[in-house]
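Visitor: Generate coordinates for the sequence data below:
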Amino acid sequence: RERMVSKKFKYFTLGILILLIAGVIAFQMTSSSFTGRNKFDFGGSGTQADSINFIQRFIFGNQPVSQYESSTYSGRFGILDDVEDNIVNISGCGNLSIKNAIYTLNQSVNSSGTCFTVVAENVTLNCNATTINYTQTTTGYAVTSNGYNFSTIKNCKIVQGRTNAANSYGIYLRNGYNSTIQNNNISTLGSTSSVLSNYGVYLYGFVGGVINKNNISTSARDSYAVYLRSQSNLSNMTSNIINSQGNNGHGIYSYQSSSNIINNNNISSSGNGAYALYLYESENSNITLNNLTTFGTNGHTIFIYEATNSADNNKIDSNYIDSKAYVGNNIHIAGSVTNTKIINNTIVSSIRGYGIYLYNKVNYTVVNSNTINMGGSNSYGIYTRTYSSNNNFTNNNVSALNISGSGFVFETYSDSNILINNTVKSTTYPLT
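Guide: Prediction:
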């Protein structure tokens with residue numbers, strides 16, 4: 001009896017020592033069998049645990065964290081807090097409910113509505129190039145999550161099954177943070193005349209999303225390839241191919257979501273009132289090294305708009321911006337927006353439109369070192385209108401050589417603007 005009490009005391013002392021040294025609950029055991037949960041991987045139990053077989057596997061190899069000694073046990077121990085690979089092979093739709101699991105889809109799947117729902121932290125879904133065909137009979141999503149973090153969705157081909165379904169999204173993440181959508185091919189379908197609102201990737205109140213190396217397309221009215229909504233801040237969209245077809249459809253639509261990175265993407269939109277990139281009350285975002293194109297009528301390639309909340313301090317840098325939309329603008333900024341930087345861009349249009357259009361109290365914009373070539377008739381290189389003042393235009397090369405083309409236009413109390421070292425060629429008015 002005394003010996004058993006002594007042994008239990010040693011285990012208790014060992015547990016306290018581990019807590020003091022490691023600063024975390026490093027291992028849990030019973031005094032009789034010395035068993036642990038999956039935070040550990042040891043090679044022995046009881047009196048057989050020694051410095052050889054009592055080791056911990058780490059992600060980057062075997063590594064001791066601390067040292068313990070007692071009259072019964074000697075050896076090294078380590079800590080592994082739920083990070084070892086937990087690969088689960090699946091062949092059908094359902095809930096992804098195991099924390100830290102890597103779900104591997106081993107065949108293509110079909111779903112009447114929603115296919116996969118993430119209900120655990122740090123879940124990876126690897127489709128391994130298989131197809132998720134969702135919303136075949138009712139509204140749903142290929143993959144969705146609400147309130148879970150650190151998810152990864154990769155290598156999936158996602159297809160919307162029913163063309164007349166509304167509000168069906170390829171990937172829909174809500175109220176979480178730090179998840180990755182990578183190397184997927186996503187397409188949503190629908191009529192280009194009916195309001196269906198099908199989105200390829202939809203982040204709602206989701207912070208720190210990474211959207212990388214995907215091919216995302218939509219083909220329905222009022223549908224967006226990528227939709228960031230309601231404080232979906234700190235997102236990073238890099239190296240994607242993004243296409244939206246349909247009236248009022250957008251390639252990327254950022255609604256009250258700020259501090260995002262949009263880098264090195266190929267973004268296009270077509271349809272009446274379609275925008276390649278639309279920042280609505282979204283501030284502090286960097287738009288760099290993208291290729292953006294619009295087709296149709298009355299569409300803008302980049303549109304920044306402020307109604308009530310701020311759309312200030314955005315940066316548009318080193319992009320190729322092409323408008324093929326009739327009476328469309330390459331860059332359109334409206335509504336008391338301040339401190340936008342438009343620098344080092346190539347801006348071109350082959351039909352009637354505006355290269356850069358600043359409308360209604362757009363102030364303190366820096367327009368520097370851009371090349372603007374407007375090829376359509378009745379086109380304008382840079383148009384500043386309605387109390388848009390204190391803007392700086394420096395080192396730009398502006399050309400508007402078709403019929404009735406104008407270089408710079410300042411209209412309706414747009415005062416105190418600065419022009420320095422710009423080169424302007426036009427058939428009508430270089431500056432008015």
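
Visitor: thinking Ile347 is in contact with Gly355, fair?
Guide: Yes: contact criterion CB atoms under 8 Å: Ile347 and Gly355 qualify, at 4.8 Å. The way it works is simple: take the backbone N, C-alpha and C, and place the C-beta from them, glycine included.

Visitor: Give me the common contacts of those two.
Guide: Asn330, Ile331, Ile372 (CB atoms under 8 Å, 6 or more residues apart in numbering).

Visitor: How much space separates Thr137 from Ser187?
Guide: 18 Å (CB to CB, to the nearest Å).

Visitor: which of the two has more neighbours?
Guide: Set side by side, Thr137 and Ser187 show more neighbours around Ser187, with 18 against 11, by other CB atoms under 10 Å.

Visitor: wait, what's in contact with that one?
Guide: Ile158, Val159, Gln160, Gly170, Gly200, Ile216, Ser217, Thr218, Ser219.

Visitor: circling back: can you tell me which of the shared contacts of Ile347 and Gly355 are in helices?
Guide: Within the shared contacts of Ile347 and Gly355, no residue falls in helices by DSSP state H.

Visitor: returning to what we had before: quick check: of the contacts of Ser187, which lies closest to Ile261?
Guide: Ile216 (16.6 Å; CB to CB).

Visitor: What is the neighbour count of that closest one?
Guide: 30.

Visitor: so how far is Asn183 from the closest residue to it other than its chain neighbours?
Guide: Spatial nearest neighbour of Ile216, chain neighbours left out: Gly200 (4.0 Å); criterion: CB to CB, 6 or more residues apart in numbering. Applying CB to CB, the value for Gly200 to Asn183 is 14 Å.

Visitor: more neighbours, the two?
Guide: Gly200 (31 against 17).

Visitor: for the more buried one, what are its contacts?
Guide: 169-171, 186-188, 216-218, 224-226, 242.

Visitor: pretty sure Asn212 is touching Asn240, no?
Guide: Yes: between Asn212 and Asn240 there is a contact under CB under 8 Å: 7.1 Å.

Visitor: What is the least confident helix or strand in the chain?
Guide: strand 57-58 (a mean of 36; mean pLDDT, DSSP states H and E).

Visitor: Point out where the chain drops to low pLDDT.
Guide: 1-85, 191-194 (pLDDT under 70).

Visitor: returning to that earlier point: could you flag which of the contacts of Ser187 are buried?
Guide: Ile158, Val159, Gln160, Gly170, Gly200, Ile216, Ser217, Thr218, Ser219 (16 or more other CB atoms under 10 Å).

Visitor: The fourth one against Val201, yeah?
Guide: It stands for Gly170. Yes: with contacts counted by CB under 8 Å, Gly170 reaches Val201, the gap being 6.2 Å.

Visitor: And the helices in the chain, which stretches?
Guide: Under DSSP H, the chain gives helices at 2-22.

Visitor: Now Ala166: closest residue in space that isn't a chain neighbour?
Guide: Leu196 (4.6 Å).

Visitor: so who does that neighbour touch?
Guide: Asn164, Ala165, Ala166, Asn167, Gly190, Ala220, Arg221, Asp222, Ser223.
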